[in-house]
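Trainee: With the sequence up front, the predicted model follows.
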Amino acid sequence: MSSLRTRLIIFTTLLAGVAIVSVVAVARAWRNEPTHSSAPAKTSGASLAALTAAPHLLFRNTDNDSTYGRLTLASLSKPDGARAVTPLECDRVDFAGGHGICLQANRGVLTSYDAVLFDSAYHQIAKVKLVGSPSRARMRPDGKVAAYTAFVSGDSYAARSFSTRTLFLDPATGRRLGQMERFTIRRDGKVFRNIDFNFWGVTFEHHGDGFYATLGTGGKAYLVHGHLSTRSANVVDVPPFVECPSLSPDGTRIAFKKRIEHGLSPVTWRIAVLDLKTKHVTLLSEKRSVDDQVEWEDNEHILYGVSEPHAVESDVWRVNADGSGKPQKAMTGAWSPSIAGGYQLSAS
Amino acid sequence: MYTSVRNIPAAAVGRRSRRGRIGANVFLLGLVSLFTDLSQEMVTAVLPLYITFQLGIGALGFGLVDGLYQGSSALLRLIGGLAADRGGKHKQVAGVGYGMSAVSKFGLVASAGTFAPITGFLVLDRLGKGVRTAPRDAMISMSADENVLGRAFGIHRALDTVGALLGPLAAFILLAQIPHGYKSIFLVSACISLIGLAILILFVRNPEGAEDRAERGPRVSVRAAAGLLGRRDVSSIVIAGSALGLMTISDGFVYLVLQRSAGIDPRWFPLLYLGTAFFYLALAMPFGSLSDKVGRARVFLGGYVLLVLMYVLLLSSSPGTIIVLACLGLLGAYYAATDGVLMALASTAIPERLRTSGLAIVTTATSTTRLVGSILFGAIWAASGPEASVKVFLVGLAIALPLSALALFRGRQQTA
């Protein structure tokens, strides 16, 4: 081996190189981080009042500028047009009946998560601590109930498998109305119980207090149909793995993410639509993996977010609900779209 | 001249007669492990967040990755051990292992968010860990006098744990500042792993005489390595380590039990891990020295007595801060009293010629039973809940402990 002096020189050179590469990498990532951006909004501003007067969309803004992460509004007739940015920061958002739920992350050395309940002026009414990182958020169309799902153990030091918690909240006060894990579940009329029950992805019926959700147990996922008033739900007799359901405006179909197995490679998700009457499942023409609870734009179209790995920005795409056509980009720099002001059923 | 060749730190030379010699290799290998662990823990800390949120793959997919790399390192550990003994090239074999982990970090940076390569690189990292552990521990054991082996392993494990403490801290601080900066975290991690590898290549020396021994002595064969199990002193260590490992609740589960019973906010979860590491770090050297004085088997078994105490505390219905802290303290102390001490204990039983293979056999046996124990614990938890699971393991460990003590002390007497 060469002399100690030579080795020390080699080592010091390496240390210097490593330090430079690390500092440059971190500095570049820092500059690219949208929350550090002071760039003006890319999309021209519109007034909140003008947008809320007509049917509109709420979504998480993912333009890489100073509006990044903010709850933002756009017109339903021109979703990629002018935007109005609110002060709320949301990872997931849903709005209906004058009330909204916004799941947000307070990033720090130890990240914490909150559900912010807000009114039609986008003012915070109540804030509830989440037990884990946010996954799904939905409002009942009448605005009287909010539901959310959070991962309980998304941490590396936690269990090897994940668990979720799904809660119902009163959006006017933040009071807890029910916890899915405590509901009575029945299958074929008999009580169905297992210690590994996980629930996620609530979608509400448009009238009454009925809802659908996913129940995961024993490596399978089932669609359940329940009622908040009776704190109970039944396993729906449809094929398994109807996950993250989203009920169509006319209440006849459920859009969901369909699990596609690839042997040893990880599972991917295709958007599919289940006809509740015929139990027929149609795969939609979107071929990319979509791990999301999708949103119906109207009875014929579905909206969903797509983001490339490592990308800060994401886009919202639109696809026909009957499997026809090709997916089209509906909005640039958006995520977690929510149709506000109710569906215009007669207009469609 | 003897002293300068062996790279004895100045402080150790003067007290050599009384305290025994701990060579520079031990400290250097400690630094290698510090940087490698720092690099590794940075990735481990953010990987689940990265996979589930950035790539949107879902936690189930992550379970697959985790399972894949659990099983993959056992075989390679044995192969690595044999290879190191055969040529007496412990440093080179360990270097291959550290190199594999460094390559895997750069691979993560380059894999641009697709899942299959990420899985591949994680497996490569685990395999690297499998290859390097036994030759590294063998080098530590050959770089210190026998009467201070416990202390030498304690020093190494303490340095190693510094890295394990700093890694998550560095990762979370970086991620707090740059929430989308996963790739830069991976790159920093890869750079840090290079520092560890460079210390090994540039400064660590193969233990003196190891190559000579390998060349002159009979060729180290699989049979010769397996023959170690025929020796009472070695087999008793393997049996005791395996039996106790089977009844060890993995720390992930310990934290989950604590989190549930004490109602700890999940975001504090990383702190449980850091708390344990802190106690481990503080106690690794003192317990190692203690084992040199009062006997390594005693301290090793004492560590499991601490673990029994922790199981008892785990069963308290609504533990407060003090009990949670006590649990972390006992868990850290248990690690400090068992991990390096077991290697020191095994090193005194295994001849230098077969040291790496022997240590590989011991760690493969204990880590395999630990994995089985983990699966068992999870299964009982799923069927009857966490309390039942802890109770079963408490009873199991209480039975395994005296039996292991008997095996260890009898095994020693037979050969002594």
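Mentor: Here it is on my side, so go on. Numbering: from 1, shown residues only, chains lettered A, B, ... in the order given.

Trainee: Please give me every residue in contact with the closest residue to chain B within the stretch 1-150 of chain A.
Mentor: Nearest to chain B in the stretch 1-150 of chain A, going by Cβ to the nearest Cβ, is A:A29, at a distance of 3.6 Å. Backbone N, C-alpha and C define where each C-beta goes, glycine included. Shown in contact with A:A29 (Cβ atoms under 8 Å, 6 or more residues apart in numbering or on different chains): B:I178, B:H180, B:G181, B:K183, B:S184.

Trainee: mind listing which of those residues are in helices?
Mentor: B:K183, B:S184 (DSSP state H).

Trainee: how about JSON lines for the contacts of A:A29, with pLDDT added?
Mentor: Compiled in JSON lines, these are given as follows (pLDDT from 0 to 100):
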{"residue": "B:I178", "pLDDT": "85"}
{"residue": "B:H180", "pLDDT": "78"}
{"residue": "B:G181", "pLDDT": "81"}
{"residue": "B:K183", "pLDDT": "85"}
{"residue": "B:S184", "pLDDT": "89"}
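
Trainee: out of the contacts of A:A29, which touch chain A?
Mentor: Counting by Cβ under 8 Å from any Cβ of the partner chain, B:I178, B:H180, B:G181, B:K183, B:S184 from the contacts of A:A29 sit close to chain A.

Trainee: Next up, the contacts around the third one.
Mentor: In this case it means B:G181. B:G181 sits next to A:V26, A:A29, A:W30, A:E33, B:L174, B:L175 when contact means Cβ under 8 Å, 6+ apart.

Trainee: In chain B, where is pLDDT below threshold?
Mentor: Scanning chain B for pLDDT under 70 picks out B:1-19, B:48-49, B:51-72, B:112-116, B:266-267, B:413-416.

Trainee: roughly how far out does stretch A:82-102 sit from the chain middle?
Mentor: 13 Å (Cα atoms, centre = their mean, to the nearest Å).

Trainee: Now it: buried residues?
Mentor: For stretch A:82-102, a neighbour-count test (16 or more other Cβ atoms under 10 Å in any protein chain shown) marks A:83-86, A:88-102 as buried.

Trainee: how about it against chain B, any contact?
Mentor: No: applying Cβ under 8 Å from any Cβ, one finds stretch A:82-102 separated from chain B by no less than 9.2 Å.

Trainee: where does the stretch 1-150 of chain A come near chain B, residue by residue?
Mentor: So the stretch 1-150 of chain A meets chain B at A:1, A:7, A:10-11, A:14-15, A:18, A:21-22, A:25-26, A:28-30, A:32-35, A:107-112, A:129, A:131-133 (Cβ under 8 Å from any Cβ).

Trainee: Please parse the chain into its domains.
Mentor: Unless you meant another one, I'm taking chain A. A:1-32, A:44-340 (automatic domain parsing).

Trainee: my bad, the chain I had in mind was chain B
Mentor: Taken from automatic domain parsing, chain B resolves into B:20-220, B:221-416.

Trainee: shouldn't B:G150 be in contact with B:V294?
Mentor: No: counting by Cβ atoms under 8 Å, B:G150 does not reach B:V294; the two are 9.7 Å apart.

Trainee: neighbour-wise, which of those two wins?
Mentor: Neighbour count, other Cβ atoms under 10 Å in any protein chain shown: between B:G150 and B:V294, B:G150 has more, with 32 against 12.

Trainee: Now do the contacts for residue 244.
Mentor: This is for chain A. Here A:C244 is in contact with A:R136, A:W200, A:G201, A:T214, A:F256, A:K257, A:D292, A:Q293, A:V294 (Cβ under 8 Å, 6+ apart).

Trainee: Oops, wrong one, chain B.
Mentor: For B:L244, the contact set (Cβ under 8 Å, 6+ apart) comprises B:Y304, B:T366, B:L397, B:A400, B:L401, B:S404.

Trainee: show me where the stretch 101-250 of chain A has strands.
Mentor: A:112-119, A:124-129, A:133-139, A:146-151, A:164-169, A:176-179, A:184-187, A:190-191, A:198-204, A:210-217, A:220-227, A:232-235, A:242-247 (DSSP state E, counting those that start in this stretch).

Trainee: Can you add mean pLDDT and give those strands back as TSV?
Mentor: Formatted as TSV, those follow (pLDDT from 0 to 100):
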stretch	mean pLDDT
strand A:112-119	92
strand A:124-129	93
strand A:133-139	89
strand A:146-151	91
strand A:164-169	92
strand A:176-179	94
strand A:184-187	96
strand A:190-191	94
strand A:198-204	93
strand A:210-217	93
strand A:220-227	94
strand A:232-235	96
strand A:242-247	93
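
Trainee: Tell me which of those approaches B:D85 most closely.
Mentor: The closest approach between B:D85 and any of the strands of the stretch 101-250 of chain A, judged by Cβ to Cβ, belongs to strand A:146-151 at 46.2 Å.

Trainee: List the contacts of the closest one.
Mentor: By Cβ under 8 Å, 6+ apart, strand A:146-151 touches A:92, A:94, A:99, A:101, A:103, A:113, A:115, A:117, A:130-140, A:162-171, A:199-202, A:204, A:211, B:52, B:59.

Trainee: Tell me, how many residues neighbour residue 145?
Mentor: Picking chain A for this. A:V145: 24 surrounding residues under other Cβ under 10 Å.

Trainee: ah, no, chain B please
Mentor: 16.

Trainee: wait, it sits on B:V26?
Mentor: No: B:D145 lies out of contact with B:V26 (Cβ under 8 Å); the separation is 11.0 Å.

Trainee: coming back round to it: tell me, what's the model's pLDDT at the residue of the stretch 1-150 of chain A closest to chain B?
Mentor: We have a pLDDT of 87 for A:A29.

Trainee: for the one 5 residues further on, same thing?
Mentor: What the model reports for A:P34 is a pLDDT of 77.

Trainee: Tally up the residues packed near it, please.
Mentor: If you count neighbours by other Cβ under 10 Å, A:P34 ends up with 20.

Trainee: is it true that A:V191 touches A:A233?
Mentor: No: between A:V191 and A:A233 there is no contact, the gap being 11.3 Å when judged by Cβ under 8 Å.
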